[in-house]
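Asks: What follows is a protein structure lacking sequence information:
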């Protein structure tokens with residue numbers, strides 16, 4: 001199975017009430033209510049290779065530079081699929097993102113909190129900035145506490161634009177996902193989303209290379225959910 005596990009290098013003490021991450025910017029609140037983001041400036045705890053500040057700076061995502069991508073020591077980044085190792089970091093419109101264009105097989109990208117599961121029921125939601133090129137779509141993916149990977153039928157398409165998309169996990173139809181091939185199979189009814197091990201996005205098609213060919217970009221991920229200690 002192709003899965004990159006990222007160790008972080010962020011040494012600052014975290015507020016126990018929440019943690020926030022950018023490219024997954026994850027907020028996990030210890031209280032029952034979910035709180036909106038109100039701060040104008042967010043601390044950058046997760047960073048993708050900065051390049052030289054111009055657009056379309058592309059760097060291969062390898063074992064050598066993975067520790068630079070996620071700096072929060074509580075998080076791991078996992079990349080699935082035979083060509084998962086070809087997922088790269090890129091700069092677009094002043095943001096850093098992950099880009100799938102060079103992967104010639106389906107891929108999936110997830111984040112995992114080492115200390116907590118996520119309860120994605122009720123008011124929980126995910127917000128991210130994404131782009132899909134050509135005839136491409138992204139699908140939400142989670143890994144359940146029992147090790148099962150599932151992918152939602154819900155497709156996210158942006159027609160080549162970078163858009164902020166928000167999604168709740170209520171009433172989605174889920175299908176079992178092979179994490180090695182990143183291929184869905186049978187429907188999974190009523191999955192237990194109260195203890196989610198990993199969350200992320202799946203791209204269920206091969207990439208088409210540079211330019212406007214089939215590919216996806218994913219950045220600035222925010223998750224609003226209750227943490228469940230492991």
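Replies: On my side now, so go ahead. Nothing here was measured: the structure is a model prediction, and the numbers come from that model.

Asks: In the strand of greatest length in the chain, which residues are buried?
Replies: Among the segments of the chain that qualify as a strand by DSSP state E, the longest is strand 215-229. Residues of strand 215-229 classed as buried: 215-228 (neighbour count, 16 or more other CB atoms under 10 Å). Placement of C-beta: from N, CA and C, glycine included.

Asks: quick one: which of these is nearest to residue 92?
Replies: Closest to residue 92 out of these is residue 217 (6.3 Å), distances taken as CB to CB.

Asks: Which helix or strand in the chain has the lowest average pLDDT?
Replies: strand 25-28 (a mean of 40; mean pLDDT, DSSP states H and E).

Asks: Next, format the buried residues of strand 215-229 as a markdown table and append distance to residue 101 and pLDDT.
Replies: As requested, those are exported to a markdown table (distance: CB to CB, whole Å; pLDDT from 0 to 100):
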| residue | distance to residue 101 | pLDDT |
| --- | --- | --- |
| 215 | 4 | 91 |
| 216 | 8 | 90 |
| 217 | 9 | 90 |
| 218 | 12 | 87 |
| 219 | 15 | 83 |
| 220 | 19 | 79 |
| 221 | 19 | 78 |
| 222 | 24 | 82 |
| 223 | 25 | 83 |
| 224 | 30 | 89 |
| 225 | 30 | 91 |
| 226 | 35 | 92 |
| 227 | 34 | 91 |
| 228 | 36 | 94 |
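
Asks: just for this structure, where's the confidence low?
Replies: By pLDDT under 70, the low-scoring segments of the chain are 1-72, 212.

Asks: where along this protein do the helices fall?
Replies: Chain-ordered helices for the chain, with DSSP state H as the definition, fall at 66-69.

Asks: OK, contacts around the nearest residue to residue 135 once chain neighbours are set aside?
Replies: Excluding its sequence neighbours, the residue lying closest to residue 135 (CB to CB, 6 or more residues apart in numbering) is residue 214, at 6.4 Å. Taking CB atoms under 8 Å, 6 or more residues apart in numbering as the criterion, residue 214 is in contact with 101, 133-136, 205-208.

Asks: For residue 214, what are phi and psi?
Replies: Recorded main-chain torsions at residue 214 are phi -60, psi 120, according to degrees, to the nearest 10.

Asks: what's the spacing between it and residue 157?
Replies: Applying CB to CB, to the nearest Å, one obtains 12 Å for the distance of residue 214 from residue 157.

Asks: Then residue 207?
Replies: Looking at residue 207 against residue 157, where the rule is CB to CB, the gap reads 16 Å.

Asks: Quick check on the two: which one has the bigger neighbour count.
Replies: Set side by side, residue 207 and residue 157 show unequal neighbour counts under other CB atoms under 10 Å, the larger going to residue 207 at 25 against 17.
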